[in-house]
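Participant: What shape does this take:
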Amino acid sequence: MNLRSFTLLPLLLAICATGQEDRIEILSVDKLVYDDSLAPGAQRLIGNARFRHAGAIMTCDSAYLYEDQSVKAFGRVAITQGDTLRITGHRLDYVGKDRRASISGKGAMPGQARHDNSGVTLTNPDMQLTTDALVYDLRSRVAVYANGGTIVSRKENNTLTSGRGVYMAAERAFLFSDSVSLVHPQRTIQSDTLRYETATGIARFFGPTTIAQRDGSTVRCNEGWYDTRKDQARFGKGARIVGKDQEIAGDSIRYDQRTGIGEAFGNVAIIDTINDMVVRGDRAWYDEVRDKSIVTGRAELVMLVGGDSLFLHGDSLFATSDTVLDKRTIRAFHGVRFFKSDLQGVCDSLVYGEADSTIHLFSEPVLWSGNDQITGDSVRILMANGSAHRLFVRGNGFMASMADSTHFDQVVGTTITGFFHDNELRTVVAEGNSRTIYFAKETKDSVERIMGMNTADCSRIDVAIAADSSGEATVHTVSFITRPDAVFWPIGKAPTDEQRLPGFQWHAHRRPLDRAGIFAH
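Facilitator: This next block holds a predicted model:
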C-alpha cells in the first residue's frame, strides 16, 4: 500500500490547483490522503473539505477527488451557486466535465415524512425544496427530482408537493407533475401538471386542475394561472367555479379574489342552483361581494317556472340581489323576447323581481297568451305558484284575438286587467274610455261562421274567454258594467273601416313560437 498523508498549506493548495476552468479547485481541507488501494488515482479529502468549480462552492465532511475531475462526497454535503441557491444533502456524486451533481439523503423511502436533516434541501430566498434525491446541472442551473418533493414558499405561506419536479434556477421556477398539490391557508390547488414561479408566486397549471377555496367554493379547469400574491387568476378550457348556491362556467374565467370581481368569456353559463335559474351568453361580468352579474352576447335566461321553463333573451341581462330579503332581480335590456309554453312576449326592457314574483315589460311591450295579443304602454304580470296569475296593462291597453283569418276581436281601455286560470287568460277587464269590437258566431252543420259584428263604447267592459269547438280560446261573453253605446251589424253590412279600432296592429310575425324564436329579431 502506497500511503502518504500530510497537512495542507495554502502554498501546497495553490500548487495542486491548476487554475484551469475545467478543473476542480480545492479551497481547503483538514487532511489530504492518497490511498490507491481505496480509490486508485484519487485524492481523499477528510474534514471540512471545500471545492470550487464553474463558479459553485461545494463542501462536505469527506470526499474522493478523481483525476477525471469527478467527486464523490459524503456527510453534510452542500453546493452553493451565486448568492441565492444552496443545496444540501448527505451524498454527492459530481461529474466535472458535465457539471452535473447528483445529491441524495440518508436513504429515507420516497414520500416518507422527515423531521430531521436526512433529506436533500434546495433553497433560495423565496422557498425551500425538500426531497430524497435530486440531480442538479450547474451549467443550465436546472434541478430534477423524481421520488417526491415538498416546497415551502416563504412569502406566500404555500406548501407544494408532487411526485416529480424540475427547478429552473435562472427563472426561479418549478415545473411539477404527478399528483401536484399546492396548499395555502385560503386554498388548495391539485393539478396534473403545474409550473410555479417562486419569484412572482404565480402558479400555472396544465391538465385537469381543481382549486378548493376556504370559502367552500371550488374551481375546475384544464389550464390557467393563479397569482398567489395578488389573489388573481385566469382559468381556461372548460373552466367552472362552483359555489354554495351558484356555478359559473365558461371557456375562460378571470377572477380577482380580493375584489370578488370576475369575467367569463365564451359559452358562459351562470347557474343559480337555489332558484332553478341559468343565464347563458358569450361574456359575463360578476361581482361576488355585491352579488351582481351582467351577461351579454346571445344572452339567455332559462328559469324553471311551475314545472315549465321560461326562456328569455335580451342584448344584456343584469342580475342583482337584495341582501336583506335574499331575493334576486333580473333586468333585460334591448331586443327582449321570452317564450313559455303558455305565455310569450317582446319588449325593449324587462324586470323580474323574485320578491314580488312580478314581471314588468316596458317600451312597446307585446304579450301573447293563447290566441290573445295584448299591448300597452307597460305590462305587469303577477306570477303565483310558478304560473301567470294576474295581468296589468297601464296606458293604451289593447287586446286582440283572431275571430277568423280576416276578423279580430278587440278590446281597448286606459287600463286592462287580466285574470288567468290553469295558465290560460280567462277574464279581461278594460276600464277608462273602453271600446270593443267582437264578432258573433253561429254553428251550422258543424261549421262555425261569423254572423255579425258588435261594437260598443263603455266606461268598463268585462270579457270572458273560453275555448271554442276547436279548442281555441276565443271571446265567450262581453259584459258592459254601465250602459253602453252599442251597435250590432250583420256581417255582410259591417262597415270595413270600422272593423279595426284605432291603434290596432297585429304582431304575429314577432311572436316567439319556441325557444329558438327568442333570438329572431
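
Participant: What are the boundaries of the strands in the stretch 251-400 of the chain?
Facilitator: Remark: strands assigned in the stretch 251-400 of the chain by DSSP state E, counting those that start in this stretch are 261-272, 277-287, 292-305, 308-322, 327-340, 343-353, 358-362, 366-369, 372-375, 378-384, 387-402.

Participant: Now distance to residue 171, mean neighbour count and mean pLDDT too, for those, in JSON lines please.
Facilitator: C-beta coordinates here come from the backbone N, C-alpha and C atoms, glycine included. Conversion of the strands of the stretch 251-400 of the chain to JSON lines gives the following (distance: least, C-beta to C-beta, whole Å; neighbours: other C-beta atoms under 10 Å; pLDDT from 0 to 100):
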{"stretch": "strand 261-272", "distance to residue 171": "29", "mean neighbour count": "20", "mean pLDDT": "92"}
{"stretch": "strand 277-287", "distance to residue 171": "34", "mean neighbour count": "20", "mean pLDDT": "93"}
{"stretch": "strand 292-305", "distance to residue 171": "38", "mean neighbour count": "19", "mean pLDDT": "91"}
{"stretch": "strand 308-322", "distance to residue 171": "43", "mean neighbour count": "19", "mean pLDDT": "91"}
{"stretch": "strand 327-340", "distance to residue 171": "46", "mean neighbour count": "20", "mean pLDDT": "92"}
{"stretch": "strand 343-353", "distance to residue 171": "52", "mean neighbour count": "21", "mean pLDDT": "94"}
{"stretch": "strand 358-362", "distance to residue 171": "56", "mean neighbour count": "20", "mean pLDDT": "94"}
{"stretch": "strand 366-369", "distance to residue 171": "62", "mean neighbour count": "24", "mean pLDDT": "93"}
{"stretch": "strand 372-375", "distance to residue 171": "66", "mean neighbour count": "24", "mean pLDDT": "94"}
{"stretch": "strand 378-384", "distance to residue 171": "59", "mean neighbour count": "18", "mean pLDDT": "91"}
{"stretch": "strand 387-402", "distance to residue 171": "62", "mean neighbour count": "20", "mean pLDDT": "92"}
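
Participant: Among those strands, single out whichever gets nearest to residue 206.
Facilitator: strand 261-272 (19.1 Å; C-beta to C-beta).

Participant: Just the angle for the closest one relative to strand 292-305, thanks.
Facilitator: Put simply, strand 261-272 runs at 10 degrees to strand 292-305, going by axes from the mean of the first three to the mean of the last three C-alpha atoms, to 10 degrees.

Participant: strand partners of strand 261-272, parallel vs antiparallel please.
Facilitator: strand 246-256 (antiparallel), strand 277-287 (antiparallel) (DSSP bridges).

Participant: what's in contact with that strand?
Facilitator: For strand 261-272, contacts defined as C-beta atoms under 8 Å, 6 or more residues apart in numbering pick out 239, 241, 245-256, 277-289, 293, 295, 319, 328.

Participant: ok now that strand, how far from the chain's centre?
Facilitator: Offset of strand 261-272 from its chain centre (C-alpha atoms, centre = their mean, to the nearest Å): 5 Å.

Participant: orientation of that strand relative to strand 327-340 in degrees?
Facilitator: 60 degrees.

Participant: And for residue 395, nearest residue in space, chain neighbours not counted?
Facilitator: Spatial nearest neighbour of residue 395, chain neighbours left out: residue 377 (3.0 Å); criterion: C-beta to C-beta, 6 or more residues apart in numbering.

Participant: Touching, that neighbour and residue 396? I think so.
Facilitator: Yes. Using C-beta atoms under 8 Å, residue 377 is in contact with residue 396, at 5.4 Å.

Participant: circling back: ok, now which ones touch the residue nearest to residue 395?
Facilitator: Residue 377 makes contact with 394-396 under the criterion C-beta under 8 Å, 6+ apart.

Participant: Would you mind measuring from it to residue 436?
Facilitator: 20 Å (C-beta to C-beta, to the nearest Å).

Participant: measure residue 339 to residue 502 for me?
Facilitator: Noted for residue 339: a distance of 30 Å to residue 502, by C-beta to C-beta.

Participant: what's the distance between the residue nearest to residue 255 when sequence neighbours are not counted and residue 317?
Facilitator: In space, and not counting its chain neighbours, residue 255 is closest to residue 262: 4.0 Å by C-beta to C-beta, 6+ apart. Residue 262 sits 16 Å away from residue 317, going by C-beta to C-beta.

Participant: on that earlier part again, now the strands of the stretch 251-400 of the chain as JSON lines including distance to residue 515?
Facilitator: Shown next, in JSON lines, are the strands of the stretch 251-400 of the chain (distance: least, C-beta to C-beta, whole Å):
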{"stretch": "strand 261-272", "distance to residue 515": "15"}
{"stretch": "strand 277-287", "distance to residue 515": "12"}
{"stretch": "strand 292-305", "distance to residue 515": "9"}
{"stretch": "strand 308-322", "distance to residue 515": "5"}
{"stretch": "strand 327-340", "distance to residue 515": "6"}
{"stretch": "strand 343-353", "distance to residue 515": "11"}
{"stretch": "strand 358-362", "distance to residue 515": "18"}
{"stretch": "strand 366-369", "distance to residue 515": "15"}
{"stretch": "strand 372-375", "distance to residue 515": "20"}
{"stretch": "strand 378-384", "distance to residue 515": "19"}
{"stretch": "strand 387-402", "distance to residue 515": "18"}
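
Participant: between the ones you listed, which gets nearest to residue 421?
Facilitator: Nearest of these (C-beta to C-beta): strand 387-402, 9.3 Å.
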